[in-house]
Each structure stands twice: as C-alpha cells, then as structure tokens.
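Trainee: My questions are about this predicted structure, shown below with the sequence.
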Amino acid sequence: MFQAKRSPFVVGVVTATSAFILSMGVQPPPVLSQTDANSDQKILHMLNRVTFGPRPGDVDDVKKMGVDKFLEQQLHPDTIPLPAALTASLSSNVAINTDPIELARRFYVKTDRKKKARVVEATANSTEEQKQTSIDLKKEQSSKRKEAYATLYTESTDAKIRRAVESPRQLQEVMVDFWFNHFNISNNKGRDRMWTGAYEQQAIRPYALGKFHELVMATSHHPAMLFYLDNWQNSKPESDPTPNPNRKKSKFKGLNENYARELMELHTLGVDGGYTQKDVIELARVLTGLGLAAGTGRKVNKSELGQFGSVFDSKRHDFGDKVLLGHTIKGSGEAEIGQAVNILCSSPATAHHISYQLAQYFVADAPPKPLVDRLTSTYQKTDGDITAMLGQLFHSPEFWDTKYIKYKNPFRYVVSSMRAANVSLTDYKPVLSSLKQQGMPLYACLTPDGYKNTQEAWLSPSSLLRRIQFATSIGSGRLANNNVDPADSKEISNSMKGLFEAKTLNVVASSPPNLRSAVLLGSPEFMNY
C-alpha cells in the first residue's frame, strides 16, 4: 500500500494542529438554532447527515431550493443529473461495469498446465528441474493474479471515492456505503478480489433506496457473496459432482451453514431475532445448490446462468421439505430461496433490526426507541420500503434534535474533508493509505458484520492523529501524487456557518495562513455529524 512521505512542513503542521485538537478533546457541536428549517444552521445539520458533508455553496443552494425539495430529490436520485466528467470516468471502469463471469474469464489467472507439461518434457524429466519449473510457474501465476487484482481494486476504489466526493446524488452514495457495510464482503478473500466493485455496483447500488427484500435477493445471488460466505460449497450431504477418484477431491461434502447463519444474524433478523440452530440448518438446506458457474463440476450453459451469473445446481439441492421460523417450505428447488427470503424479510424482528441500524447510522449510536419504533412500523406497512423509511426518518424530531451527534468513521471523515476543501484528486492512493492507517482499509473488513458505526469503534489518540495528518495534507495542498491548491479556510468557514465554536475560530485567526484550513478540518466540531 502507498505510504505518503511526510515533509518537515507537514510534520510541523501536524504537531501544532494536534496539540490544539488534543487540548480540546472531541466535543459535540454547539447547539444549533431551533428556528425555521431553512436556516443556515439547520441546513448544515441536515447536509452533514444526509450527505457526506457540504461543499462550498451547498448551504446556499439548499436554502434557495428549500429543505423539503432537496430531500425529495435526494430520495429519488434519478431526478438529479450527474456531471458529464463523472459519468465519463465511470463508463470506462471495467471493475464496476463487467459481469462477474466475464471478470473471472479475464482476470482469474490459472496455472497453464499445457505450458507446464511442455516445460517438464523439455527438462528431460529431471526431478529437481521439474520442481523448479513448478515453483517458477506458481510465481508467475501469483504475480499475474496480484497484478490483475491490484488493477481491479484501484478501479473499484477510484469509483467509490470519486462518487462519494463528486456525485450530487449524495444520499444514494451514503446509502450504498451503508448497505455495502450491512451486506459486507471482503476484497481480501480469494476471488472476491475480482468481484468487490461489481458486487457494490450490481447487487447494492440499484436497490439501495428500494425494497429491502430486493436487496437481500440481489446480494444472495451475487457470486461475491456466494464465495465470501461459502454458499457456493453448500450441498446436500450426499452430493459429489466429482466421484471419480482420479479427479480432484470434491469441495461439496454437505451443508455449509456460514451464509445461512449470517443471513439471519446480520442481514435480516438480528442476533436476537428469535431463530434457533435448527432454523440455521433449515435455511442452509434451502440454499443448497446455489453457487457459482465454476463450482458445478461441469460445463454450464448460458441458459443455466441466473442473476449476476449465479447458478442453481439442482443435483446438489436438498429437495426435502423444510420448516423455517415455523413456516413450511415445500421442496421445489430454486423457488424455495425466494420463499425463505420473504419469510425472513417479513419478520417483525427484521423490521426492528433494519430500523435500529438506520436510526443508529443517521441519528445516534444509541438511537431513541420512539424513532426506532416508528421506523419499524413504516417498514411493516410498506413492505420494507427504504425510501419511505428514510422519508420518515428525515422528517422526525429526533433527526433534527441537535443533542444527538455522531462521530465520523474514517471514510466519512476523509470524504467530508475533500468535499469541504473542494478538491479534485487525480490519484486516490494517499486517501487509501490514510484510510488504512486509520484502521478502515476500503473494502477490506474481514468479518461479515462490517465496520462498526459508533464513536467507540473509531475514537482513539492514534486515529485522531492520522486524521489531523490527512487534514494537514488536504488543507496545505500537499497531498502526495496530486497537484491541488491549498484549501481556502475562509471558504470552509463560510460554508459551515455556525458549526465552529468561538475557541476554534480564535485559534484559526491567530494561526499562520498555511495552518488555518488544517485547524478547521482537524477541529473537534468537524469530527462529528
């Protein structure tokens, strides 16, 4: 991973700025005005939560438009045109625009067995030379695979950061990030190094503001999720598509409960959702046979390919009847999956779990119960309509109550800093490096529960110093590999009227000009939303 070199200038700025920040601690923002919803302070409060943070001029634009119209547009992102430059950069992005099967065909590097056979034959059957040939071929294979995966990772992360910073469809970007974390996969696991960007683009983005059950169905059928949580190996116990002892040992030896368990514990019902180990087994039985085209042990015809290139292999499916959460599912094959998803998504436990997660993300680490209850009711009345739930959330008194604050996770912090500083980057490696140093490498949370969204998870002296280092680099225009102008501290301050306390503004005024933007971006007030 890229490591930015710190010049003496940057070291000095970080030292001075961090001393100021640490002397203040991380404090809540000042109490905002409780006047009409179109006041500058109210608009700023709303923008800090509905978007990844305002850019200069955003508060004035919303004031002219009106908060209600702005929110209505954000809830329906297709009504907001995208900048031509952003559209052009995304259109040529292979990682997000290519289907998983084509990505595997182009980027999954396998050992060239024919080449190996030719080389071995040419070495006159020398055992030592054969061993070295095998080693060399493995190194060659590994090198090519790493190069291919690095290219796809760069494209995937570039698209995510660019959209988060530049797209006017801010709520869509916020919700795509929220749902990816909810239905987490890791770019660090095998073939998912090819599929992470495609997974977010294909299984998350189109459904981020739709019906929740559509999200569950999409993520459950994407090869990235099937590989990450091992459902591609999930088979009825007697399944073995490669019985020939001379062939490679089969990976399909029976039930694999990994995905079924996380589908209930994390994605739908929640850890206290009232399911039992028997329900996990029954759901795993429902999901038997749902896997990858490369995992059937035979050549798959195009007509057999399902959504995103998934494959349902009936030979590995358990056709017995199942009982899930008290509901009987007759053994019928692939249709069982949709029935199971509907059972899970219509559960009151799922309604509460998703409502709690949304309220925690947008309002408070310990969200107020009345808000969670109202969102739960909306979920149940609208069949899990995410747009309807967000509409109610954004018009709730809890959302506008400034006693509730959230501490930015590293991704929100770096994106909000770039938006506040109004910078456009040509190389995002320094951003990725900063995220890794802050403990949140992009697309790389190894555990299926995703990154936490609480202050407790992210507030620490070391992480705070990393933030200040990033703020200094952005504020001074010294971000490695990028030619950007220093951020305008007056522009930042004016675009966030009412956010910064008098103490912060006094420190800014008494600081050298080259420190002022860094102090604002590294201030305690800017750490929250």
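Mentor: That came through, no problem.

Trainee: On the three-state scheme, Leu269 is what?
Mentor: coil (DSSP: H, G, I helix; E, B strand; the rest coil).

Trainee: ok, for it, nearest residue in space, not its chain neighbours?
Mentor: Once flanking residues are discounted, Leu269 sits nearest to Ala349: 4.4 Å by Cβ to Cβ, 6 or more residues apart in numbering. For glycine as for every other residue, the C-beta is placed from the backbone atoms N, C-alpha and C.

Trainee: part of a helix, is that neighbour?
Mentor: Yes. Assigned with three-state DSSP, Ala349 falls within a helix.

Trainee: burial of it, as a residue count?
Mentor: 18 (other Cβ atoms under 10 Å).

Trainee: Quick check on Leu324: phi, psi?
Mentor: As for Leu324, its main-chain torsions (degrees, to the nearest 10) stand at phi -110, psi 120.

Trainee: Could you measure from the closest residue to it other than its chain neighbours over to Gly57?
Mentor: Spatial nearest neighbour of Leu324, excluding adjacent residues (Cβ to Cβ, 6+ apart): Glu282 at 4.9 Å. Between Glu282 and Gly57 the computed distance is 55 Å (Cβ to Cβ, to the nearest Å).

Trainee: Same check on Leu283?
Mentor: 50 Å.

Trainee: Who has more neighbours out of those two?
Mentor: The residue with more neighbours, out of Leu283 and Gly57, is Leu283; 26 against 12, by other Cβ under 10 Å.

Trainee: Which positions in the helix or strand hosting that one come out as buried?
Mentor: Element membership for Leu283, per DSSP states H and E: helix 277-286. Buried positions in helix 277-286, judged by neighbour count with 16 or more other Cβ atoms under 10 Å: 279-286.

Trainee: what does stretch 315-328 give?
Mentor: Those would be 316-318, 322, 324-325, for stretch 315-328 by 16+ other Cβ under 10 Å.

Trainee: my guess is Lys315 contacts Glu304, does it?
Mentor: No. Counting by Cβ atoms under 8 Å, Glu304 is not a contact partner of Lys315; they are 11.8 Å apart.

Trainee: Moving along the chain from the helix holding Leu283, name the first helix or strand you hit.
Mentor: Remark: after helix 277-286, the chain's next helix or strand is strand 290-292, criterion DSSP H and E.

Trainee: Partner strands of that following strand, with direction?
Mentor: Its sheet considered, strand 290-292 pairs with strand 310-312 (antiparallel) by DSSP bridges.

Trainee: what's the partner strand in contact with?
Mentor: With contact meaning Cβ atoms under 8 Å, 6 or more residues apart in numbering, strand 310-312 is reached by 221-223, 226, 289-293, 295-296, 300, 304-306, 333-334.

Trainee: Averaged pLDDT, that strand. What do you get?
Mentor: For strand 310-312, mean pLDDT rounds to 95.

Trainee: do stretch 358-371 as well
Mentor: Mean per-residue pLDDT for stretch 358-371: 98.

Trainee: and it, how far apart are its ends?
Mentor: Taking Cα to Cα, to the nearest Å, the span from the opening residue of stretch 358-371 to its closing residue is 10 Å.

Trainee: now that stretch, how far from the chain's geometric center?
Mentor: Here stretch 358-371 is found 20 Å from its chain centre; the criterion is Cα atoms, centre = their mean, to the nearest Å.

Trainee: Then stretch 55-68?
Mentor: Taking mean C-alpha positions (Cα atoms, centre = their mean), stretch 55-68 and its chain are 27 Å apart.

Trainee: Now tell me what touches it from outside.
Mentor: Against stretch 55-68 from outside (Cβ under 8 Å, 6+ apart): 37-38, 40, 42-44, 46-47, 51, 70, 419-420, 422, 491-492, 494-497.
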